[in-house]
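Student: model the following, please.
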Amino acid sequence: MILYRTREALFVHHEDHAYPLQETSLDTLLALPDLHEHIAETIHHAPPADHLLHTAPLAPVNNQEVWAAGVTYFSSRRARIAESKDAGGGDFYDRVYSAERPELFFKSLGYKVAGPGTPVRIRRDATWSVPEPELTLVINSRGQIVGYTIGNDMSSRDIEGTNPLYLPQAKVYDRSCAIGPGILLRKTPLPVTTAIGLRILRSNQTVFSGTTTLAELRREPETLVEYLFRDQTFPHGCFLLTGTGIVPPDSFTLHVNDEIHISIEGIGNLVNTVE
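Tutor: Numbering: from 1, shown residues only. Got it, this is the predicted structure:
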């Protein structure tokens, strides 16, 4: 079952049918004591409205905070060390990769998130920008993972590489995060064989592509959530991007009008252009 948000309704896509929900906000859904049971009851009793399958999805976010984890894949560790070596920050990334405590940082508020088919941005004062395709956890207010979606953690590598303390500026700006197209609702973890793919098109030509699987994710998603919820409350639930295992070469930077395609097996495809 995949939950979508559109201008017309929230609906669940299940077995080739669309089932509209009475709720109009993800805030309400993430406050339910058992979201999965509620969705199952809706599918059982509500008639389908299959025209919704042809409506454009919005980012499946309302008032949730969006957070992100860093250096959770070895390829990300290697890239962070390389980009910050001149600033003396490489040792920090090496340490956090193997440390018990993960790197967690605030990424976005819901209203700043780009949805499917809408533009993401690169900073005007950056010279080296990349997308970061990431499995994204959907978490309710009680710290329970209720679903999974696709996230793009846009990053300015030159700014972060100059000084690790510049990470908020490299990571947090308008439309620096995209989420969608929908939320895969499931109670059990995704299999470690789940594939993540990235493809970047420029003038309709592929200029970069890469793949990874969740088997390369060093930290358990539940551990990331446990640390995120230490001494923090999220009354509307939250989203947590779990880090990237696909890193373009140092010679690559995004250009305006590039098209970013991120796929995660079982969830779908998130497509955004760069402005």
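Student: drop to CA atoms for contacts and neighbour counts, all remaining ones
Tutor: Noted.
Student: residues touching Thr244, list them.
Tutor: Contacts for Thr244 (C-alpha atoms under 8 Å, 6 or more residues apart in numbering) come out as Gly70, Val71, Thr72, Tyr73, Ser76, Glu132, Pro133, Glu134.
Student: let's see 6 Å
Tutor: Shown in contact with Thr244 (C-alpha atoms under 6 Å, 6 or more residues apart in numbering): Glu132, Pro133, Glu134.
Student: so what does it look like in phi/psi?
Tutor: phi -110, psi 140 (degrees, to the nearest 10).
Student: just curious, which of the contacts of Thr244 is nearest to Leu190?
Tutor: Glu134 (13.5 Å; C-alpha to C-alpha).
Student: so where's this structure shaky on pLDDT?
Tutor: 76-92 (pLDDT under 70).
Student: how far away is the residue lying farthest from the centre of it from His36?
Tutor: No residue in the chain sits farther from the centre than His45, which is 31.8 Å out by C-alpha atoms, centre = their mean. Distance, His45 to His36, using C-alpha to C-alpha, to the nearest Å: 14 Å.
Student: kindly report the same for His17.
Tutor: His17 is 17 Å from His36, by C-alpha to C-alpha.
Student: nearest residue to the spatially most central residue of the chain other than its sequence neighbours?
Tutor: Centroid check for the chain by C-alpha atoms, centre = their mean gives Gly151 as the closest residue, at 1.9 Å. Take Gly151 and drop its neighbours on the chain: the residue closest to it by C-alpha to C-alpha, 6 or more residues apart in numbering is Ile179, 4.6 Å away.
Student: now do the one you found against Asp16, distance only.
Tutor: Counting by C-alpha to C-alpha - Ile179 and Asp16 are separated by 23 Å.
Student: helices of the stretch 101-250 of the chain, residue ranges please.
Tutor: For the stretch 101-250 of the chain, the helices defined by DSSP state H, counting those that start in this stretch cover 157-162, 167-171, 221-228.
Student: quick one, domains of the chain?
Tutor: Using automatic domain parsing, the domains assigned to the chain come out as 2-54, 65-273.
Student: tell me which of those domains sits most buried.
Tutor: domain 65-273 (a mean of 19; mean count of other C-alpha atoms under 10 Å).
Student: how long is that domain end to end?
Tutor: 23 Å.
Student: what's near enough to touch Asn63?
Tutor: Counting by C-alpha under 6 Å, 6+ apart, Asn63 has contacts Gly110.
Student: checking it next. Helix, strand or coil?
Tutor: When classified by DSSP: H, G, I helix; E, B strand; the rest coil, Asn63 comes out as coil.
Student: what of His36?
Tutor: Following three-state DSSP, we place His36 in the helix state.
Student: in what helix or strand does Asp95 lie?
Tutor: Heads up, residue 95 is Arg, not Asp. Using DSSP states H and E, the element containing Arg95 is helix 90-98.
Student: one more: Ser263?
Tutor: With DSSP H and E as the test, Ser263 turns up in strand 259-264.
Student: and whichever helix or strand comes after that strand, which strands flank it?
Tutor: Next helix or strand after strand 259-264 toward the C-terminus (DSSP H and E): strand 268-273. Partners of strand 268-273 in the sheet, by DSSP bridges, are strand 259-264 (antiparallel).
Student: now do the end-to-end distance for stretch 168-188.
Tutor: Termini of stretch 168-188 sit 32 Å apart (C-alpha to C-alpha).
Student: meant to ask about stretch 209-219, not that
Tutor: With C-alpha to C-alpha as the measure, stretch 209-219 spans 24 Å from end to end.
Student: name the residues that touch it?
Tutor: Against stretch 209-219 from outside (C-alpha under 6 Å, 6+ apart): Thr72, Tyr73, Val192, Thr193, Thr194, Ala195, Ile196, Gly197, Leu198, Arg199.
Student: redo that, cut-off 7 Å
Tutor: 72-73, 192-200, 245-246 (C-alpha atoms under 7 Å, 6 or more residues apart in numbering).
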